[in-house]
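In: Turn this into a structure:
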Amino acid sequence: MSLLRRGFATMASIKKPGKVVCIGRNYADHVAELNNQRPKQPFFFLKPPSSILLPGAGPIIRPKGIDLHYEVELALIIGKQVKDLNAEDESSAFAAIESYAISIDMTARNAQNEAKKKGLPWDIAKGFDTFLPISKVIEKLALPDPHNAEIYLTVNNEVRQQDSTELMLFRIPRLLSDISKVMTLEPGDIVLSGTPKGVGAVVPGDILRAGIRVNGKEIEEGKIEVGVEESTGAYEYSET
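Out: Predicted coordinates:
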């Protein structure tokens with residue numbers, strides 16, 4: 001039996017989830033800042049597990065020609081199979097969460113904007129290697145109410161994002177319910193619950209720090225500190 005199935009997510013298990021499901025447009029002010037339409041129900045997309053960047057595993061790599069944006073999010077680490085969950089069944093929803101983490105959903109914004117304009121998929125914009133820095137595992141006891149915490153992100157020690165998870169448009173049971181009606185969530189899967197306002201660009205040399213506070217107290221396991229470097233790889237953005 002794996003450590004995850006016994007109730008203890010490890011950094012090794014976080015590195016190899018079956019899937020990473022990301023909720024889009026789940027904070028009203030973030031919807032507004034990107035001039036998007038507020039959703040009538042949760043919508044989601046996938047990031048590849050290969051985009052995960054564990055603590056201390058190196059910098060975020062900005063691909064050539066990419067306008068690189070950050071989005072801090074509370075991550076839910078799934079510990080039980082979830083299928084056709086009733087959104088009203090809050091106890092089952094929270095029982096399915098094994099633990100939490102803080103993550104930064106990095107986005108190639110110019111590639112995403114082009115994809116949205118042309119009706120193309122977002123996979124490239126979200127899927128580059130290193131595009132999902134994630135913190136250490138946060139035990140459930142440290143976050144008794146995931147809708148009553150402050151998540152934040154700074155760039156070079158300047159606060160860019162800082163809001164309460166209470167501002168989620170759709171709460172966690174509804175998120176898990178809607179996802180599970182489309183695709184079964186399995187132990188080890190990761191769900192990103194959306195980002196608050198304040199997203200913006202970073203460039204090589206910048207240092208991102210992110211984390212979570214409960215009643216003003218920092219959860220140490222939720223801290224992320226990661227730099228940005230320019231890619232030396234072959235990819236270079238060009239219009240599709």
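In: Just name the shakiest helix or strand of this structure by mean pLDDT.
Out: Lowest by mean pLDDT, DSSP states H and E among the helices and strands of the chain is helix 11-15, with a mean of 72.
In: going on from it, what's the next piece of helix or strand?
Out: strand 20-24 (DSSP states H and E).
In: Just give me the residue right at the centre of the chain.
Out: residue 192 (3.8 Å; CA atoms, centre = their mean).
In: OK, contacts around it?
Out: By CB atoms under 8 Å, 6 or more residues apart in numbering, the contact list for residue 192 reads 20-23, 47, 73-76, 103, 105. For every residue, glycine as well, the C-beta is placed using N, CA and C.
In: count of residues packed around residue 204?
Out: Residue 204: 14 surrounding residues under other CB atoms under 10 Å.
In: where does it land in three-state SS?
Out: State at residue 204, reduced to three classes by DSSP: H, G, I helix; E, B strand; the rest coil: coil.
In: And the pLDDT at it?
Out: Looking at residue 204, its pLDDT is 98.
In: go on, the one 3 residues further on?
Out: Model confidence at residue 207, expressed as pLDDT, equals 98.
In: mind checking the backbone torsions on it?
Out: phi -120, psi 120 (degrees, to the nearest 10).
In: bridging residues for residue 230?
Out: Here residue 230 sits in beta bridges with residue 62, going by DSSP bridges.
In: what's near enough to touch it?
Out: Counting by CB under 8 Å, 6+ apart, residue 230 makes contact with 61-62, 64, 204.
In: before we move on, what about residue 201?
Out: 67-69, 109.
In: Would you format these as CSV with neighbour count, pLDDT and secondary structure included?
Out: Below are the contacts of residue 201 laid out as CSV (neighbours: other CB atoms under 10 Å; pLDDT from 0 to 100; DSSP: H, G, I helix; E, B strand; the rest coil):
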residue, neighbour count, pLDDT, secondary structure
67, 16, 98, coil
68, 23, 98, strand
69, 20, 98, strand
109, 17, 97, helix
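In: Format these as a markdown table; extra columns: distance to residue 164.
Out: Listed next are these as a markdown table, based on distance: CB to CB, whole Å:
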| residue | distance to residue 164 |
| --- | --- |
| 67 | 28 |
| 68 | 26 |
| 69 | 22 |
| 109 | 25 |
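In: Pretty sure residue 137 sits against residue 220.
Out: No: counting by CB atoms under 8 Å, residue 137 sits too far from residue 220 to count as a contact (11.6 Å).
In: between these two, which one's more packed in?
Out: Ranked by neighbour count (other CB under 10 Å), residue 137 and residue 220 place residue 137 first, with 21 against 12.
In: from the contacts of residue 201, which is closest to residue 145?
Out: residue 69 (28.7 Å; CB to CB).
In: so where is this protein shaky, pLDDT-wise?
Out: 1-8, 10, 12-13 (pLDDT under 70).
In: separation between the residue nearest to residue 143 when sequence neighbours are not counted and residue 165?
Out: Distances taken as CB to CB, 6 or more residues apart in numbering place residue 100 nearest to residue 143, at 5.3 Å, with adjacent residues excluded. Using CB to CB, to the nearest Å, we find residue 100 at a distance of 10 Å from residue 165.
In: who touches both of these two?
Out: 74, 146.
In: List the buried residues in the helix or strand where residue 32 lies.
Out: Assigned by DSSP H and E, residue 32 falls within helix 28-33. Within helix 28-33, the residues that count as buried by 16 or more other CB atoms under 10 Å are 30-31.
In: How far away from the center of its chain is the following helix or strand past it?
Out: Sequence-wise, the next helix or strand downstream of helix 28-33 (DSSP H and E) is strand 43-47. Centroid displacement of strand 43-47 relative to its chain, using CA atoms, centre = their mean, to the nearest Å, is 10 Å.
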